[in-house]
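Asker: After the sequence you'll find the predicted model.
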Amino acid sequence: MSTPSEVVQQAYAAFGRRDIPGILALLTDDVEWRFHASPSTGIPYGGKFTGKKEVEAWFVMLAQNDDIQQFEPREFLAGPDHVTVLGWERVRPLPNGTPFDGEWVHVFTLKGGKISRWIGTADTAARQAAAK
């Protein structure tokens with residue numbers, strides 16, 4: 001069985017390949033997926049999503065709204081059933097935004113070797129400014 005950090009690294013590797021089915025295979029059926037973004041930012045993929053179908057739809061929304069040009073998970077802080085990842089990204093909001101650099105934090109909880117919860121937060125103010 002893989003460690004929590006290995007499972008999370010597999011998910012990031014799949015994301016880097018744009019392999020959404022590969023990510024979904026690493027999730028529990030009842031996964032809770034949350035991206036923190038105030039409604040005032042206009043970020044459509046903010047909110048809570050439950051289950052693999054909703055998470056798949058979340059990735060579609062992400063791809064429709066952000067051109068992720070660089071994405072780097074940089075630090076993995078792991079416990080027995082969770083991993084917190086600190087990272088950096090360069091993103092261009094679609095359709096006509098300007099690229100911006102920002103840091104992000106992702107928190108994963110695992111059950112039975114699969115991701116059961118993901119909570120993400122990023123520099124939503126920088127994204128909002130770049131989207132104008």
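Answerer: In hand now; what should we look at?
Asker: what ranges do the strands span in this structure?
Answerer: With DSSP state E as the definition, the chain shows strands at residue ranges 27-36, 47-50, 66-78, 82-93, 100-111, 114-122.
Asker: Looking at those, spot the one closest to Ala129.
Answerer: The closest of the strands of the chain to Ala129 is strand 100-111. By Cβ to Cβ, the value is 7.3 Å. No exception for glycine: its C-beta is placed from N, CA and C like everyone else's.
Asker: looking at the protein, which residue lies furthest from center?
Answerer: Going by Cα atoms, centre = their mean, the residue of the chain most distant from its centre is Met1, 23.3 Å out.
Asker: show me what contacts that one?
Answerer: Gly113 (Cβ atoms under 8 Å, 6 or more residues apart in numbering).
Asker: From Leu27, how far off is Lys52?
Answerer: In this view, Lys52 and Leu27 are 6 Å apart by Cβ to Cβ, to the nearest Å.
Asker: I should have written Gln128 there, sorry.
Answerer: For Gln128, the distance to Leu27 - Cβ to Cβ - is 29 Å.
Asker: what about the two, which has more around it?
Answerer: Ranked by neighbour count (other Cβ atoms under 10 Å), Gln128 and Leu27 place Leu27 first, with 22 against 18.
Asker: how near is that one to His106?
Answerer: 14 Å.
Asker: Buried ones in the lowest-mean-pLDDT helix or strand in the chain, by neighbour count?
Answerer: One helix or strand of the chain scores below all others by mean pLDDT, DSSP states H and E: helix 124-130, with a mean of 92. Buried residues in helix 124-130, counting neighbours by 16 or more other Cβ atoms under 10 Å, are found at Thr124, Arg127, Gln128, Ala130.
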